[in-house]
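Trainee: fold the following, please.
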Amino acid sequence: MTDEQIARINELARKSKTVGLTDEERVEQANLRSEYLNTIRANMKAQLDSIKIKNPDGSITDVKKRHDAKYGK
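Mentor: Reported below is the predicted structural model:
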């Protein structure tokens, strides 16, 4: 997601609170918000997948591998 897209989300949010949005702008806003949320989710998943746990025996386990083994993915 680019800075321009985030700026456009904010611009549309301000406009919706003051004068309202056209149908076209509502669709654009919904699409931008959806893309923003997808970006946030992907970043969060990548961050969680990179977490490692140090076990009491000193070994290190990837959370992703542990999750996949437990839930059969």
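
Trainee: helices along this protein, start to end?
Mentor: Secondary structure of the chain (DSSP state H): helices at 3-18, 23-49, 63-71.

Trainee: which helices and strands does the longest one pack with?
Mentor: It refers to helix 23-49. Taking 3 or more Cβ pairs under 8 Å, 6 or more residues apart in numbering; DSSP states H and E as the contact definition, the neighbouring helices and strands of helix 23-49 are helix 3-18, helix 63-71. C-beta here means a position set from N, CA and C on the backbone, and glycine is covered the same way.

Trainee: before we move on, back to that, and of the helices of the chain, who's closest to N55?
Mentor: Each of those has some distance to N55 by Cβ to Cβ; the shortest is helix 63-71, at 10.0 Å.

Trainee: CA atoms of that closest one as CSV?
Mentor: The C-alpha atoms that make up helix 63-71 are tabulated as CSV, following Å, rounded to 0.1, in the frame of the first residue of the first chain:
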residue,chain,number,x,y,z
VAL,A,63,6.0,-21.1,15.7
LYS,A,64,4.9,-21.7,12.1
LYS,A,65,6.3,-25.2,11.9
ARG,A,66,4.9,-25.9,15.4
HIS,A,67,1.4,-24.7,14.3
ASP,A,68,1.5,-26.6,11.0
ALA,A,69,2.6,-29.8,12.8
LYS,A,70,-0.2,-29.5,15.4
TYR,A,71,-3.0,-28.7,13.0
